[in-house]
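K.L.:
return atomic coordinates for the entry below.
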Amino acid sequence: MEGVESEPLADAFRAAHDAMAATFQITIAGADARYAAQAAAAAFERIDAIEGELSRFIPSSDTARLNRQAPGAPLRIGAATVECLALAARIGAETGGAFDAAAGALIELWNRGAPSAEELAAARAAAGSHLLSLDPEAHTATAAVAGLRVDLGGIGKGYAADAAAALLADWGLAHALVNAGGSSLRATGAPPNSPGWPLFFPHPAGGGRRLGALRFADGGVSGSGVKKGAHIIDPRTGVPAAGTRAAWAAAPTAAEADALSTAFMVMAPGEVERFCAGRADIAALLLAGPADAEIEGTYRFGAFFGNIL
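P.N.:
Numbers count the residues shown, from 1 in each chain. Have a look, this model is predicted:
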């Protein structure tokens, strides 16, 4: 599988909780186990609340309600949804549209099979963040057209990991790692007497293969990929992207890393290189080649992944 995993750490508190169709794991080092358990329980409650706002599969969520809302009618949404939509819009602008949380119409179309030219044109007319107006002060979002589909799956787990890590920090826990099902991680402080949390990057082909490992102290890391026979849609073109099998991003937050790893899947290596060159706090690792390719190559941009062993 693509993603990022952490090695077990001796003498650390660990807890797990199912949410967002994944198993979230919290590891806390250097703390009393009973206190850490209470803090982790509170963090999991926060993750559940965020899922209730963001998941398009929950009918009462902001995302599901927004996708049912009549065009032109403002919908009041919660703080988590506002923050995710605002961050998604920023990442979308910075990547030239390679990440788009309002491209759900295209994804739904291709999930049904290869579309006709007419079907593709209709879906593209109902896809794109430019068709969604966000008013952060009023806490409202407004769709410009019918059929707009918002999907925060490419940023939501990272956002939830950030929120959980922030809650743990509020509890005074300075050495914590939140793993959002292996797709995104958020670290807040290295374990005591260690340069960082031990992470490794599984090869998408499985079989126990690893692309590498490193120590990670603070920030977010996320991975995205495509399995054999599947595809990932480039929001800029409306058709499946090709050439990158898996992508990882490191960023100040897990939400940013989550969105960027998705964007890097559809961006050409040269585009990713230029993006990372303009952001010293961002790094990328790309595994080139389609899922069924026998020949593959890797690209590393930014300092972070240069530390892979």
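
K.L.:
contacts and neighbour counts: CA atoms only from here.
P.N.:
Will do.

K.L.:
isn't residue 253 right up against residue 186?
P.N.:
Yes: counting by Cα atoms under 8 Å, residue 186 is a contact partner of residue 253 at 6.9 Å.

K.L.:
these two - which one has more neighbours?
P.N.:
Set residue 253 next to residue 186 and count neighbours by other Cα atoms under 10 Å: residue 186 wins out with 34 against 21.

K.L.:
just the residues contacting stretch 25-32, thanks.
P.N.:
11-17, 36, 40, 173, 175-181, 191-192 (Cα atoms under 8 Å, 6 or more residues apart in numbering).

K.L.:
for it, how far is the first residue from the last?
P.N.:
Start-to-end span of stretch 25-32 (Cα to Cα, to the nearest Å) is 18 Å.

K.L.:
which residues of the chain fall in helices?
P.N.:
Applying DSSP state H to the chain gives helices spanning 33-54, 62-68, 79-94, 104-111, 117-125, 156-170, 254-266, 269-277.

K.L.:
so which residue is dead centre in this protein?
P.N.:
Central residue of the chain (Cα atoms, centre = their mean): residue 258, 2.3 Å from the mean position.

K.L.:
for that one, give me the pLDDT.
P.N.:
Looking at residue 258, its pLDDT is 97.

K.L.:
ok, it touching residue 155?
P.N.:
Yes: counting by Cα under 8 Å, residue 258 does reach residue 155; the two are 5.2 Å apart.

K.L.:
and the residue nearest to the centre of the chain, what does it touch?
P.N.:
154-155, 157-158, 183-184, 221-223, 249.

K.L.:
which of these sits closest to residue 84?
P.N.:
residue 155 (7.2 Å; Cα to Cα).

K.L.:
how far away is that closest one from residue 86?
P.N.:
If you go by Cα to Cα, the gap between residue 155 and residue 86 works out to 11 Å.

K.L.:
these two: which has the busier surroundings?
P.N.:
Just comparing residue 155 and residue 86: by other Cα under 10 Å the higher neighbour count belongs to residue 155, 27 against 15.
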